[in-house]
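J.: Pasting the sequence and the predicted coordinates here, then a few questions.
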Amino acid sequence: MIMDNNFDKQREHIIEKQVEALLFASDSPLSVRKLVKLTEAPSGKYITSAIESLSTFYAENFRSFQIVEVAGGFQLTTLPEFSFLVKNLYKNKRKSKLSRAALETLAIIAYKQSVSRHEIENIRGVNCDGVLSTLTERELITVSGRGDGIGKPFLYSTTKKFLEYLGLKNYRELPSIEEFETEIQALNILNSKLNDRNEDFGNEAGRDKSQGEMVEDISENKGAEVKSEDNKSDECGREEDQIISDDE
Amino acid sequence: MHQEFPFMSQAEKYLMFEKESERKETPYQVRLDHFEGPLDLLLHLIRRDKINIYDIPISHITREYLSYIDMMKELELEVAGEFFVMAATLMRIKVQMLLPKREIEEEDDEDPREELVKNLIEYKKFKKAADHLAGRETERRDLFVRPVPDCVREEDDSETMELSLFDLMDAFKTILKDLKEEIKYKVEIEKFTVNEKISFIKDKLSGNSEVLFTELFEDVGGRIEIIVTLIAILELVRDGFIMARQMSGRNDIWLYAKEDDPVPER
């Protein structure tokens, strides 16, 4: 029995080193399954405990790197506090951050999966051709199939690289889309309350009231413009307003 | 048009007029920085004026919206067609809301704004999601990982090339040529279906990560089965389930299953 135990300890120790070597040499996250296969460990438990003990070792010895769980696997990365240092190493060689348009498109694809360009464009209200090819080039999305619609459109899905790029363990780590809706509703209530208060304190807010605005709209053209002169702080200015009102 | 820029000299105006390409490029970028599209602009106006998104004062928002478009035109920004479509939509809704209530009720009870509000909320949800992704991106970019070691590149894409359907057709021709079967003129009942072959190939690829193109034709009996097999392969390639690659300078074509990512649950 003691022999067995000893053997086990030794085995564990070897596996720990093997896991470390593999994580060090790999350019992408390694899954437990893959690590089991490569190290020929008896079970995944050996791998997870090796990763745990390595992590503890790095932390206790104040190493500059860590093991993170990402995209269904494990990866060795530098600690965030060294980011400024390493950034200087790669100064101009770093890929740029994703543009706003790219992020929005990526979000739609991430939450919908197997979504056509048309659907994406419907949501965003703009053409998404360029963004889709940028995202495909960066391997964050891929064509995952074809839809049933006219012309069998390409359907896009996010890739493993997407999870890796954003440091996500898996898709469940993303907040649900309903959470955002709740947030929007809450903000909306807050905002319109603020708005109501503004109007109570000063009727000259220079803005339509949401109720009864239709009636006012007709008689508003001349009077409202004068009223709003002083209080409009909009960046677009009053001139444009005047032009539109005159057109009406 | 150019009088709006009094600070510009004649020469500058001329230059601006001359350099067609530049003229087109600059406004485009400006537009990108501001509003991606009509929905983006509407959401901006709603936020700016603290409007209740579920009860949008249509005439106010229409006026503000149009004034923005006017301003964009004045600044000589290229106003994309989508902006005008939205302007028309806004005006249509405005008219519908001005119609006497009863008439609308007879047709249907819907608030004319309903669809617009739905679209705005839907877009806004994904904008929030995009914010979330942006935060994650920033965080993750502070962590550095090791790049691919140089010595591993060889097996990478650099040596293999992606094949088009035509390359597969060429390979198929050789298989047909090799088939020593005399041509019989006989109507046969279809024994093999494309769907069967598709699942056969998928099975084969789920075991190994790659399979030789010719291997799929090894146990194949006759001309019809070969054709059915090829159609199955072509369909799989077209639908993006598998990829075909060839080591440069060699004839073996390998078929790969596209990496299947864990599909999100929602």
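T.: Here it is on my side, so go on.
J.: which regions of chain B sit below the pLDDT cut-off?
T.: Applying pLDDT under 70 to chain B flags the ranges B:1-35, B:76, B:101-109, B:152-166, B:179-190, B:207-209, B:247-251, B:258-266.
J.: Strands of chain A, residue ranges please.
T.: A:65-70, A:73-78, A:115-116, A:141-146, A:154-158 (DSSP state E).
J.: just flag whichever of the ones you listed has the lowest average confidence.
T.: For the strands of chain A, the bottom mean pLDDT is recorded on strand A:141-146, which sits at a mean of 86.
J.: Partner strands of it and their direction?
T.: strand A:154-158 (antiparallel) (DSSP bridges).
J.: Point out the most buried one among the strands of chain A.
T.: Looking across the strands of chain A with neighbours counted as mean count of other Cβ atoms under 10 Å in any protein chain shown, the highest average goes to strand A:154-158: a mean of 23. All C-beta spots, glycine's among them, are computed from the backbone N, C-alpha and C.
J.: Can you dump the C-alpha atoms of it in CSV for me?
T.: Extracted C-alpha coordinates of strand A:154-158, given in CSV (Å, rounded to 0.1, in the frame of the first residue of the first chain):
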residue,chain,number,x,y,z
PHE,A,154,-24.0,32.2,-45.0
LEU,A,155,-24.6,31.8,-41.3
TYR,A,156,-22.0,33.1,-38.9
SER,A,157,-21.0,31.8,-35.5
THR,A,158,-18.2,32.7,-33.1
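J.: Would you mind pulling the contact partners of it?
T.: A:106, A:109-110, A:113-117, A:120, A:132, A:140-147, B:240, B:261 (Cβ atoms under 8 Å, 6 or more residues apart in numbering or on different chains).
J.: ok, now which ones touch residue B:142?
T.: Per Cβ under 8 Å, 6+ apart, neighbours of residue B:142: A:80, A:83.
J.: could you redo the last one with a cut-off of 10 Å?
T.: Neighbour list for residue B:142: A:77, A:78, A:79, A:80, A:81, A:82, A:83, A:84, A:86, A:87, A:167 [criterion: Cβ atoms under 10 Å, 6 or more residues apart in numbering or on different chains].
J.: All the helices of chain A, residue numbers only.
T.: Secondary structure of chain A (DSSP state H): helices located at A:2-25, A:32-39, A:44-60, A:83-89, A:100-112, A:117-124, A:129-137, A:160-166, A:177-201, A:213-228, A:238-247.
J.: Adding distance to chain B and mean pLDDT as columns, could you present the ones you listed in JSON lines?
T.: Shown next, in JSON lines, are those (distance: least, Cβ to the nearest Cβ, whole Å; pLDDT from 0 to 100):
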{"stretch": "helix A:2-25", "distance to chain B": "7", "mean pLDDT": "84"}
{"stretch": "helix A:32-39", "distance to chain B": "12", "mean pLDDT": "91"}
{"stretch": "helix A:44-60", "distance to chain B": "14", "mean pLDDT": "93"}
{"stretch": "helix A:83-89", "distance to chain B": "4", "mean pLDDT": "88"}
{"stretch": "helix A:100-112", "distance to chain B": "4", "mean pLDDT": "93"}
{"stretch": "helix A:117-124", "distance to chain B": "6", "mean pLDDT": "92"}
{"stretch": "helix A:129-137", "distance to chain B": "10", "mean pLDDT": "91"}
{"stretch": "helix A:160-166", "distance to chain B": "4", "mean pLDDT": "91"}
{"stretch": "helix A:177-201", "distance to chain B": "4", "mean pLDDT": "75"}
{"stretch": "helix A:213-228", "distance to chain B": "4", "mean pLDDT": "38"}
{"stretch": "helix A:238-247", "distance to chain B": "3", "mean pLDDT": "38"}
